[in-house]
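J.: I'd like to go over a predicted model; first the sequence, then the structure.
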Amino acid sequence: MKLSTKGRYGLRAMLDLAAHAPDGRQSIQQIAERQEMSVSYLEHLFSLLRKAGLVRSVKGAQGGYMLARGADRMRVGDVLRALEGDLTLVEDPPADAPEADALSRCIRRLVWDALDERLNRLVDGITLEELAREQLALEGRNHSMFHI
């Protein structure tokens, strides 16, 4: 599986939001400047993230976006699925396809399904809070802004 720009940039933008505004909001412009991304592309990504219930928009002069729930409850898998869809590596073949033979079923169960399970467990085991803490630590910044 190869993640698209949507998944990679969307995760960066969500991490930026978690690190810079854990309890508040940030404008698309602020995130775009820090991440050196296009404002229009970020607007598209945040529209998808809002529809998935991961961010909320706040209107007005002090408006922007904020996480829909705490960074400690927002998983990398949530973000990637909202932007990429299903994280399955190999699609199931039709029942009448040649891939439905015993050898292919064996490979599917022992390789593709096992990889899918491990990938999903990995991305669902990492929260935005963990990523934000790591980012702030790498930057040498205080990470006590997160409530535990």
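T.: Perfect, I can see it now.

J.: ok, for Arg73, nearest residue in space, not its chain neighbours?
T.: Sequence neighbours aside, Thr127 is the residue nearest to Arg73 in space, at 7.1 Å (criterion: C-beta to C-beta, 6 or more residues apart in numbering). C-betas here are computed from N, CA, C, even on glycine.

J.: what about Arg34, neighbour count?
T.: Applying other C-beta atoms under 10 Å, we find 14 residues neighbouring Arg34.

J.: quick one: contacts for the closest residue to it other than its chain neighbours?
T.: Sequence neighbours aside, Asp16 is the residue nearest to Arg34 in space, at 5.8 Å (criterion: C-beta to C-beta, 6+ apart). Residues near Asp16 by C-beta atoms under 8 Å, 6 or more residues apart in numbering: Gln26, Ile31, Arg34, Gln35.

J.: Which SSE is immediately downstream of the longest helix along the chain?
T.: For the chain, the helix with the greatest residue count under DSSP state H is helix 5-20. Using DSSP states H and E, the next helix or strand after helix 5-20 towards the C-terminus is helix 28-35.
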